[in-house]
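Colleague: Provided below are the primary sequence and the corresponding predicted coordinates.
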Amino acid sequence: MIKIKDNSAITPLVDFLKKLHWSDSKSINYTFNCLAEFGNAAVEPLIALVQDKDNLLRRDAIKVLAKIKDPRAVEPLIYYKMRT
């Protein structure tokens, strides 16, 4: 995996995820792993994905947020869980 240091790559990665078909699991997993490498810088865009209409995007965003362990994700995840 390429280490990306430029946080400006986060938004294009999230946009790319939204365009992928669910059957392209390799690309989806790779892209989420890239976002996880950004750590705390990717938290806000990942929180936004938790509210996406795509169940798989939501699930994988939650997994990455759990890996990052940023406290900013706790409240939105609790809110999401209470709504579902």
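Modeller: All right, it came through fine.
Colleague: residues in contact with Ile68?
Modeller: By Cβ atoms under 8 Å, 6 or more residues apart in numbering, the residues touching Ile68 are 36, 39-40, 42-43, 46. In this view, the C-beta of every residue, glycine as well, is placed from N, C-alpha and C.
Colleague: From these, which land in helices?
Modeller: Mapping those onto helices (DSSP state H) picks out 36, 43, 46.
Colleague: picking that back up, list only buried entries from the contacts of Ile68.
Modeller: The neighbour-count test (16 or more other Cβ atoms under 10 Å) marks 36, 42-43, 46 as buried among these.
Colleague: so can I have TSV of the residues you listed showing pLDDT?
Modeller: Converted to TSV, the buried ones among the contacts of Ile68 look like this (pLDDT from 0 to 100):
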residue	pLDDT
Ala36	94
Ala42	96
Val43	97
Leu46	97
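Colleague: Widest-spaced pair of the residues you listed?
Modeller: Ala36 and Val43 (10.6 Å; Cβ to Cβ).
Colleague: can you give me the helices for the chain?
Modeller: 10-19, 25-38, 43-50, 55-68, 74-83.
Colleague: picking that back up, dump the buried ones among the contacts of Ile68 into TSV; add distance to Ala61 as well.
Modeller: Listed next are the buried ones among the contacts of Ile68 as TSV, based on distance: Cβ to Cβ, whole Å:
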residue	distance to Ala61
Ala36	10
Ala42	10
Val43	10
Leu46	5
